[in-house]
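K.L.:
from the sequence below, what's the structure:
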Amino acid sequence: MAERASLKYNNLARQESSDFCASSDSNERAFVDEILQDEPQEDVSVSEECFDEDDEDLEGTGVSSSGRAKSDSDSVVQDPEEDEKIKFTPEMTRNVFRLRMLVIVVLFIAAGVVSFVVFSVSNGGEIEEFESNYEGTATKVLEVFQGIFTEKLDAVASLAIATTAHSVDHKDHWPFSTLSFFQERATAARKQSGTLFTAVVPLVTYEDRDAWENYTRVDPVGWIQEGLDAQDQWDPMRLGVSLPSYAGTVHPGYIVHDDWELGLIRDEGYGPYFPIWAASPVVKGLVNFNLGSLPTWLEEIATSMQKNAVVIGRMLTPPPGNALHAGFLTRFFATLLSIKYAKPTEYQGDPFSYVFFPIFNNFDHNHTSVAVLFTVINWATFFENLLPDNIMGVTLVLENGCDQPFTYTINGPEVVFQGPGDLHDMKYDEFMRTASFKELENRTKSASDVSNINFALDSNECPYSIRIYPSQAYVNMHTTATPETITTAVAGIFIFTALMFLIYDRLVERRQKIILSKATHSTAILSSIYPKNIRDRLLEDAERKDKEGNGSGKKNGNNSNSPGDFMAPNHRLKSFLSGSAAGSMDGTSGGQPLADLFPHTTVLFADIAGFTAWSSVRDPSQVFILLQTLYGAFDDLAKRRRVFKIETIGDCYVAVTGLPKPQDNHAIIMARFAHDCLVRMRQVTRQLISLGPGTDELGIRLGLHSGPVTAGVLRGDRARFQLFGDTVNTAARMESTGVRNRIQVSQQTAALLTAAGKGHWLKARDDCVHAKGKGVLSTFWVLVKRGGSVASSSSSVSDATPGSSVPSLSIADRKAMEEASRRSRLVDWVVEMLLHYMQQICALRHTKNVAPSTEDLVLTKTDCNLDELVDAISLPKIDASKMKVPKEEAISKEAVDQLRNLVTEIAKTYNDNPFHNWDHACHVTMACHKFLQRIISPDLDVAELELAEKNTEKFVSNLHDFTHGINSDPVARTAIIFSALIHDADHRGVSNAQLAREDEAMAEFYNKKSIAEQNSLDICWNMLMSPEYSDLRRCLFANESDMRRFRQVCVNVVLATDIFDKELNDLRKARWNRAFAIVTESKDGQDEEQAVVDASPPEEKPTGNDSGLRATIVIEHIIQASDVSHTMQHWHVYRKWNRLLFHEMHEAYRNGRMGADPAKFWYQGELGFFDNYIIPLARKLKDCNVFGVSSEECLNYALRNREEWQERGTEIVEDLVAELAEKEIKEAAKETIEE
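P.N.:
Numbers count the residues shown, from 1 in each chain. This next block holds a predicted model:
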C-alpha cells in the first residue's frame, strides 16, 4: 500500500499553479469559511494566478499578474540547479560534439586509407610472387614440351640410324634385316625418350610376302625369344604377352590385320605391307601386324618415307578400358601402360600419338627409305615427375589443330587427365603461356655426327601445341590470406582504437555528466541551504585554502596546479562538509565566519497539527509519503514565491524572505506563501486517501514575524545555513500559539502589511497571546483577499467547475456535504486496501496455476455462528520448492465495481453512534492492516537476510513457519481485513446484555452470546453471498475450500471482538497457554526457556496442529488489539476515541439503556481496563514474536497512556461531564426556541 501510494503521489508536489486554480473553487472557500467561522463571508484565494492584484503587488514574486512566469528581466525565480546548467552553453556542447565527430571521422578515414595501402602493398607482393612462380612453372612445362622433339626423341632417332648401320654392315637386303641386340637397344631408347612402344616396320612388297613370312617364322636372329628373356627382368608379370594370339588356325608367321569380328587374321591384300617386326616391348599379338591396313597410318608412313621426315600422327583416344577390352587400341594402350607401371593399369581415355622415323638403306646422299621406326607416345608421361610436390593445379591444354583439345592438370609429380575439350578456368586467360611444334618444322635433327642423315619434323598440317594456365588451386597455393589478415589487423587496430576512443569518450562523458550532475546538485543543495553570496564565499574560501595549501610550490617558481584547482564544486562541498583541510568548517582553522545581518526579513514557521497522533497509527513509509509529498509541494511554492527555505525540523517547515537579496515586500510575499501552503495542505491531505482515515483531518499552523536576523553557516560537522535572533524565536512562538489552519502574524508583520496597503488582509485576534519569554503579545490573523474586497462565498462545495454558477449553501449544508465527501473517501480507501489483498489472492492463484472458479460459490449459514467457532484454523501448507514471487494482477472491472458497492452497503449498515460507527471500523481496519504488514514483512537480522540470498527455498519455508502460515495465505489475510470492516455493523450502541433485553428474539437466536458480533457477521456475510456480488466471490474464492476457510476466519475474528464473555475468554486463555506460554528454568546457573507441556486430556487438545492453533491465536489477537488500538497509540488518538466512547455510553445512560452513569466509574474503569486487558494484550503481542517492533510500540504507548490517564484522568472526566452538560443545555435551549 505504501509503495503504491508513493508512486501514485510522488509527483503530487510538482503540480503546476493551474492545479491551484482548478481546485480553488467552492471546496476551498467552504474550507476557509469553516475554519473562520467568525467571518464566514470571507474567502481565501487559492494562488497568485487567481489574484486580481496590481502589478506592483507582484514585484519580486516571480510571477506576473497574468499568471505567466517572468523573464530574466522580470526577476523570474530560477532553479539553482538550472542556473548551474545554463553555464554550460549549447554552443560549447555543440563544439564538443563536433570535435568528437571529427576525431571519429578522422580515425575511420585513416583506418580506411591505411588499410587500403597495406592491402595494396601486401597483395601486390603476393601477386608479383605468384606471377614470378607461375612464369617459372609455365616455362618449365613449355621447355619439356618442346624438348620432346629436340631432346626426348633423339634416342629413337639414334635407334633408327643403328638399324640402318646394321643393315649396311651386314649387307642385309631389306626387308630381311633384323638389328642384333634389338631388345636391349630399343629398351634403352624407350626409357631415354619416354616412349611406350618402339618397333621396326619394314616395307614388304607383295612379291616378297611369302619370303617375308618364312623369314619371320624362322626368326633367324631370335629377337623374339631374346626380347622375352630380357623383358622378364622388367616385366615379370609377362604383361606384354597377354594380348590375344592369332585367331583361328592362322600360322604365327603370317602378316595379319585386325578384324573387329574375327580378331587378328591373315592379311590377304596385295600390299605393300608394313608389318611390325622387331618391337620393344614384345607384344606377341602384334608381330607381323600390318600397319598399312590402317589407312591413316599408311598415309603418315608414306609421308615419312617420301619426305624422309619425322611424322607425328594424330591423337588417338579410344574408349577407356583395360587389357581385356574388346577394342584393339584400348587393349593395346592398356597393355603398354601396364608394362610401363609394372602393374595392371587401365587406360583412362587420354590421348596417345604415334611417331614415324624413316629408316634408310644406306648413308649415302641418295639414300632411300626402306622402313620406318614406329613409336607410340603417351603425352601425359612426358609431364610426370616434372614439378615438385608443392606446386599444384597447373592446367595444360594439348591440341594439334586437327583433333579436339584435351586438358590435363599437373599436380606436382602427377598428371591428371581432366577430359576432352578446353577445360581451363577462363578467368585466368591473361596468364596463358603457349608453345608449338610448328616452330620446329624448319629445324633438322642430326642423329649422328658421322652420318649424312638429318631428320626434319613434318607436322602433317596438324602441328601440336600446348597452352598453360593457372587454376584456382594454383592461385590459392600462391595466394594466402596474409594481405587480408594484415589489412584486417591494421583496420582492427584502428577500429579498436576508435572504439576505445568512443568508450573512453563515453566514460569521460559519463564521468563528466556525473561530476556535472553532482556539482549541479551540490550547488543546488548549497543554494537551497545557503544564500548565493554565502555559497560563493564558501567556495571561494575552500579555493583559497587549496591555494594556500600548495603555496610553497608556487613560491619556488613551480607553476603546476594543485589537485584542488581541478576539484569540481561538489568535491569542494564534500571537502568542507567532511572537515578536510580544503574546506574545513572548524572555526579554529583560521577561516573567516560566514555570516551576515539581514535587517529586513520575515520568518515563517509551519507545523502540521495532529501529525504526532496521526503518525503513531501508521507505518513509517506512510509517514514519509505524507512529509515528502507535502514538503515537496511547499518547496515548489517557495521557488515560485522566491521564498528561501531554511530547513525542516520534524514536521515543522521553516522559511524566510528578505534574504539573500533584500526584498521590499518580504512580508507580502511570505503572507501569500503562507496562504498557498494552507491551501496546498488541504489539497494534499484530501488526495492522499491511501494513507487511511484521518489524513484529511490533518491541519497546519502557520506563524510569521518580521525583523532582523543573523544568518550564516555554523561551522562544524554537518554545517548548515542557520538563522539566529529574536525574530526567529518570535516566529516560532507565533506558530506554537496559533490555531489550526490559520495564519498568525506578529504586530511587526501586521504593520508591514498595513503599510503596503494590505491591511484588509488582517484581523486582530480577540485574545492576547502569552508567549514564553515574550510575555503578552497582540497578534493578527491573516486572510489573503482578492482585489481588496471580500471574496464571494456563493460557490458550491460540490463538484462545481470553474466558471459555473452554483447556488450558495449554508454552513450546515456545507458540513453535511463535506461529511458525505469524507465518508466517500473512506470508502475509496477501504476499496483500495481490499483490492490490494485481492490482487495477492489472484497473483498466488496464478503462480500455482489454479484456475478461478466458474461456478457461483455461495455459502449460506442459518445456524448460530458460535457453533462454527474452532480452536485451530487449518491454513494451507506450501511447497517451498515450487513457490514463486507472486505479482499483483489486475482485478476485473465487474469485481471492482461490486467491491465498491459492497463496501458502500456495509458502511450504510453502521449506525450513527459516537464510537461504534463507520469511522471506528475504518480505524480498526487500518490497525489490522498495520499488524498484517508487520507479519508479512518481519524484521530480519543479518543471518536471515543472508539466508534469503543463498537459499530462497529455505527462507520461504522459514518465513512460512515464522508466521504460522499467515504469510502464505492471502485468503486468510483478506478475511481478517474484511472482518475488521464488518465487526461492528449494525451496532446499537449498547452492550450485549442490554441488547438481549431489548431484542429477545435475536438473543434467543444467538443463544444469548456475542449477540452484536454474530448479528454483524450475519448481516455482512449474507450481503457478500448476494447474487449481485457473484464476480467478486469468484475473484475471492477459487474453490469451495477457499470460501470455507474465508468464512472460518471471519467467524473466529468477529467473535474474538467480544472480550466481555467470560466463557469465551477462558477458552482463549487455555488455548494461549497450550500454544505460547513458556517457563524459565535454571540449569548450571544459566536461565533456559522451555515450552510448557500440555497436560490436558486428549479430548481437550486442539484438533488442528500446533501451527494452526498458533495461527488462530495470532489472528484473534490481531483483531483484539486493533479493536482497542486507540489505547496503544498516541495520547491524542486515545483521547479522541475515549471521548467518543464516553459520549456513546453516556447517551445510552441518558436514554435508559445503561444502568450506571459512566461518569461514576470512568476513571477507575479505564485504569482497570489498562491493567487487566490492554497491557496484558500488548505483552501477548510481543510474546507472539511475529509483529516485530509493532509489539514494542503498542506496549510502550499502552504504558504511557495508562500513566497519563492516571495523572490526568480525573480532570479529563470532569471536562467530559462538563462538555456533555453544556451540550444538553444547548439542546434544551434549542428545543425551547423551536417550541
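K.L.:
what residues are up against F360?
P.N.:
164, 308, 367-370, 453 (C-beta atoms under 8 Å, 6 or more residues apart in numbering). Any C-beta I mention is one placed from the backbone N, CA and C, and that applies to glycine too.
K.L.:
need the worst-confidence member of those.
P.N.:
Lowest-confidence member of those: I453, scoring 62 (pLDDT).
K.L.:
so S338 sits right up against P344, yeah?
P.N.:
Yes - using C-beta atoms under 8 Å, S338 is in contact with P344, at 5.2 Å.
K.L.:
who has more neighbours out of these two?
P.N.:
S338 (21 against 15; other C-beta atoms under 10 Å).
K.L.:
doesn't that one lie inside a strand?
P.N.:
No - applying DSSP: H, G, I helix; E, B strand; the rest coil, one finds S338 to be helix, outside a strand.
K.L.:
gap between it and F332?
P.N.:
11 Å (C-beta to C-beta, to the nearest Å).
K.L.:
packing partners of the longest helix along the chain?
P.N.:
Counting residues, the longest helix in the chain under DSSP state H turns out to be helix 90-147. Here helix 90-147 touches strand 394-399, strand 433-436, strand 465-470, helix 472-478, helix 482-529, going by 3 or more C-beta pairs under 8 Å, 6 or more residues apart in numbering; DSSP states H and E.
K.L.:
residues near K877, how many?
P.N.:
Neighbour number of K877 under other C-beta under 10 Å is 12.
K.L.:
quick one: it is in a helix?
P.N.:
No - per three-state DSSP, K877 lies outside any helix segment and is coil.
K.L.:
state the pLDDT value of the closest residue to it other than its chain neighbours.
P.N.:
Closest residue in space to K877, ignoring its immediate chain neighbours: G965 at 7.5 Å, by C-beta to C-beta, 6 or more residues apart in numbering. For G965, the model assigns a pLDDT of 80.
K.L.:
what about G965, distance to I878?
P.N.:
The value you get for G965 to I878, if C-beta to C-beta is used, is 8 Å.
K.L.:
try Q748
P.N.:
Counting by C-beta to C-beta, the gap from Q748 to I878 is 68 Å.
K.L.:
just checking, S778 touches L762?
P.N.:
No - S778 is beyond contact range of L762, at 11.4 Å (criterion: C-beta under 8 Å).
K.L.:
all strands for the stretch 851-1000 of the chain, in order.
P.N.:
Here the stretch 851-1000 of the chain has no strands by DSSP state E, counting those that start in this stretch.
K.L.:
low pLDDT regions in it?
P.N.:
Applying pLDDT under 70 to the stretch 851-1000 of the chain picks out residues 853, 862, 879-889, 936-956.
K.L.:
switch to 80 and redo it
P.N.:
851-856, 860-865, 877-890, 934-963 (pLDDT under 80).
K.L.:
and I359, helix, strand or coil?
P.N.:
I359 ends up strand, using three-state DSSP.
K.L.:
show me the beta-bridge partners of it.
P.N.:
According to DSSP bridges, the residues that bridge with I359 are A371.
K.L.:
now do the same contact list for it.
P.N.:
With C-beta under 8 Å, 6+ apart, I359 has these contacts: 160, 163-164, 200, 202, 369-373.
K.L.:
please produce TSV containing these, extended by distance to I669.
P.N.:
Listed next are the contacts of I359 as TSV, based on distance: C-beta to C-beta, whole Å:
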residue	distance to I669
A160	133
T163	138
T164	139
V200	136
P202	141
S369	138
V370	142
A371	138
V372	133
L373	132
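K.L.:
in helices, which of those residues fall?
P.N.:
Those of these lying in helices (DSSP H): 160, 163-164.
K.L.:
any chance of those residues in TSV, with neighbour count and distance to M734 too?
P.N.:
Shown next, in TSV, are these (neighbours: other C-beta atoms under 10 Å; distance: C-beta to C-beta, whole Å):
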residue	neighbour count	distance to M734
A160	25	143
T163	26	147
T164	27	149
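K.L.:
pick the one among these closest to E509.
P.N.:
A160 (92.8 Å; C-beta to C-beta).
K.L.:
look up how far S1122 lies from the closest one.
P.N.:
132 Å.
K.L.:
and what of Y347?
P.N.:
109 Å.
K.L.:
strands of the stretch 701-850 of the chain, start to end?
P.N.:
Using DSSP E, counting those that start in this stretch, strands in the stretch 701-850 of the chain cover 721-724, 742-745, 762-764, 769-771, 775-777, 780-782.
K.L.:
export the ones you listed to JSON lines and append columns for mean neighbour count and distance to E484.
P.N.:
Formatted as JSON lines, the strands of the stretch 701-850 of the chain follow (neighbours: other C-beta atoms under 10 Å; distance: least, C-beta to C-beta, whole Å):
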{"stretch": "strand 721-724", "mean neighbour count": "19", "distance to E484": "68"}
{"stretch": "strand 742-745", "mean neighbour count": "27", "distance to E484": "83"}
{"stretch": "strand 762-764", "mean neighbour count": "15", "distance to E484": "90"}
{"stretch": "strand 769-771", "mean neighbour count": "16", "distance to E484": "91"}
{"stretch": "strand 775-777", "mean neighbour count": "12", "distance to E484": "93"}
{"stretch": "strand 780-782", "mean neighbour count": "23", "distance to E484": "85"}
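K.L.:
thinking again about what came up before, between the contacts of I359, which is nearest Q933?
P.N.:
Distances from Q933 to the contacts of I359, taken by C-beta to C-beta, are shortest for L373, at 118.5 Å.
K.L.:
just to revisit the earlier point, with neighbour numbers in mind, choose between G965 and I878.
P.N.:
Shown here are G965 and I878; by other C-beta under 10 Å, G965 has more neighbours (22 against 19).
K.L.:
got the contact list for that one?
P.N.:
By C-beta under 8 Å, 6+ apart, the neighbours of G965 are 875-878, 972, 1107-1108, 1111.
K.L.:
for H987, same thing?
P.N.:
910-911, 913, 916-917, 1012, 1016 are the contacts of H987 under C-beta under 8 Å, 6+ apart.
K.L.:
what's the closest of these to N1138?
P.N.:
Checking the contacts of H987 one by one against N1138 (C-beta to C-beta), the nearest turns out to be H916, at 13.8 Å.
K.L.:
what's near enough to touch that closest one?
P.N.:
910, 984, 987, 989, 1144.
K.L.:
over to A334?
P.N.:
321-323, 325, 345-347.
K.L.:
report the two of the residues you listed separated the most.
P.N.:
H325 and T345 (12.5 Å).
K.L.:
pLDDT weak spots in the stretch 601-750 of the chain?
P.N.:
For the stretch 601-750 of the chain (pLDDT under 80), the answer is 619, 650, 689-690, 713-721.
K.L.:
could you pull out the helices for it?
P.N.:
611-615, 620-641, 666-687, 726-736, 747-755 (DSSP state H, counting those that start in this stretch).
K.L.:
now do the stretch 1101-1235 of the chain
P.N.:
Using DSSP H, counting those that start in this stretch, helices in the stretch 1101-1235 of the chain cover 1106-1123, 1131-1150, 1158-1169, 1175-1184, 1189-1234.
K.L.:
tell me which of those helices sits most buried.
P.N.:
Sort these by mean neighbour count, taking mean count of other C-beta atoms under 10 Å, and helix 1106-1123 sits at the top with a mean of 23.
K.L.:
packing partners for it?
P.N.:
By 3+ C-beta pairs under 8 Å, 6+ apart, helix 1106-1123 packs against helix 918-936, helix 970-982, helix 1040-1055, helix 1062-1075, helix 1175-1184.
K.L.:
which of those helices is buried the deepest?
P.N.:
helix 970-982 comes out most buried of the helices and strands packed on helix 1106-1123 by mean count of other C-beta under 10 Å, with a mean of 25.
K.L.:
can I get that one as CSV, trimmed to CA atoms?
P.N.:
Only the C-alpha atoms of helix 970-982 are listed here, as CSV (Å, rounded to 0.1, in the frame of the first residue of the first chain):
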residue,chain,number,x,y,z
PRO,A,970,-3.7,-14.2,1.2
VAL,A,971,-7.2,-15.5,1.6
ALA,A,972,-6.8,-15.6,5.4
ARG,A,973,-5.3,-12.1,5.4
THR,A,974,-8.2,-10.7,3.2
ALA,A,975,-10.7,-12.3,5.6
ILE,A,976,-9.0,-10.6,8.6
ILE,A,977,-9.4,-7.2,6.9
PHE,A,978,-12.9,-7.9,5.9
SER,A,979,-13.8,-9.0,9.4
ALA,A,980,-12.3,-5.8,10.9
LEU,A,981,-14.5,-3.9,8.5
ILE,A,982,-17.8,-5.6,9.4
